[in-house]
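In: Need a 3D model of the following:
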Amino acid sequence: MSQPADWYPDPSGRHEHRYWDGSRWTEHVASHGRQSVDPDLSSKPPPTVDRPAEKVVRDVAKAGATGAPGTGGGTVFTEPVLVVNQKAKLIEVNNEYAIFDAAGRQLGAVRQVGQSALKKAARILTSYDQFMTHKLQVVDMAGTVLLAVTRPAKVFKSKLIVNDGTGRELGSVVQQNVFGKIRFTLEAGDATVGSINAENWRAWNFSIRDHTDTEVARITKTWEGLAKTMFTTADNYVVQIHRPLEDPLRSLVVAAALTVDTALKQDDK
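Out: All right, here's what the predicted structure looks like:
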């Protein structure tokens, strides 16, 4: 990591940020603006979901996604089809998702970081989840942070701020409306580089488009079964990226596709 000394997303996943002194990670960490010391530099393993490969393949078929698994090099940024599976829990305290390729091989995960014990208690005892700030990391199987996503506290409309693995801001995903078919814009700097458009009022399926209004990706929610849907927090999405994309659009599309559940659906749980 050849980066200048500064605060970056904590690669261990235990805190929001850790200080990099220009040559190594230090014991200085921070969460919620409060600094502390954590000398343990071991990386927290990514969340895993015990989902058989045949179920992942079936999800891909249900969504009508195409693209031979492995053709993109086997990474979260390059595979043409990603399956996002939320870890099934009766009560959601930490948002955790596994990311698979079309053949059912786990490529990485989405994990929530920086939650205090008080915030976890509030999530259990209240329904005020949407009024809280949520911080997520997209990591590979080694635990390396690929993207950091922050959803600030909201009242009606969500916004996702997307940073790369070093903490550099890439852009944002901004909700444009509350009623009807939900729409987000993908913004980088002062430019709108794309949009995410719900195809029904329940916002289960999305078409992701570039600045020319050409579809470049699609998010399809797959049905997890009545019992699982009613009694757990589990959601499952298939993401199909139609062609290789350049940054910042690439990172914004991946970040939005992997965390749209936190931006929108978790508030309904």
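
In: And stretch 238-246, what's buried?
Out: V238, V239, Q240, I241, L245 (16 or more other CB atoms under 10 Å). Heads up, the C-betas are built off the backbone N, CA and C, glycines and all.

In: do stretch 185-203 as well
Out: For stretch 185-203, burial by neighbour count (16+ other CB under 10 Å) applies to T185, L186, E187, A188, V193, G194, S195, I196, N197, A198, A203.

In: so how far is that stretch from its chain's centroid?
Out: Averaging C-alpha positions (CA atoms, centre = their mean, to the nearest Å) puts stretch 185-203 16 Å from its chain's average.

In: repeat for stretch 190-208
Out: 16 Å.

In: Contacts for it, please.
Out: For stretch 190-208, contacts defined as CB atoms under 8 Å, 6 or more residues apart in numbering pick out 171, 173, 180-187, 209-211, 213, 215-221, 248-249, 252-253, 256-257, 260, 264-265.

In: In strands only, show me the residues you listed.
Out: If you go by DSSP state E, the contacts of stretch 190-208 have 171, 173, 183-187, 209-210, 215-221 in strands.

In: ok, back up a step: give the buried subset of the contacts of stretch 190-208 as a PyMOL selection command.
Out: Buried members of the contacts of stretch 190-208, defined by 16+ other CB under 10 Å, are picked up in PyMOL with:
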select buried, resi 171+173+182+184+185+186+187+209+210+216+217+218+219+220+221+248+249+252+253+256+257+260+264+265
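
In: which residues of the chain score low on pLDDT?
Out: Low-confidence segments of the chain (pLDDT under 70): 1-2, 67-71, 87-94, 115-131, 203, 223-234, 262-269.

In: For it, give the helix that spans the most residues.
Out: Longest helix of the chain, by residue count under DSSP state H: helix 249-263.

In: For K154, give its distance to A256.
Out: Counting by CB to CB, to the nearest Å, the gap from K154 to A256 is 16 Å.

In: swap in P80?
Out: 17 Å.

In: same deal with D140?
Out: In terms of CB to CB, D140 sits 19 Å off from A256.

In: same question, H17
Out: From H17 to A256 the distance is 23 Å (CB to CB).

In: what does A198 give?
Out: 12 Å.

In: ok, which pair from the buried residues of stretch 185-203 is furthest apart?
Out: A188 and A203 (23.2 Å; CB to CB).

In: what's the burial count for H17?
Out: By the measure other CB atoms under 10 Å, the count of residues near H17 is 21.

In: what sits against it?
Out: So H17 contacts W7, Y8, P9, D10, V29, A30, S31, G167 (CB under 8 Å, 6+ apart).

In: Look at the nearest residue to the fourth one once chain neighbours are set aside and give its secondary structure.
Out: In space, and not counting its chain neighbours, D10 is closest to R18: 4.0 Å by CB to CB, 6 or more residues apart in numbering. For R18, the secondary-structure state derived from DSSP: H, G, I helix; E, B strand; the rest coil is strand.

In: what about R18, how many residues close to it?
Out: So R18, with other CB under 10 Å, has 20 neighbours.
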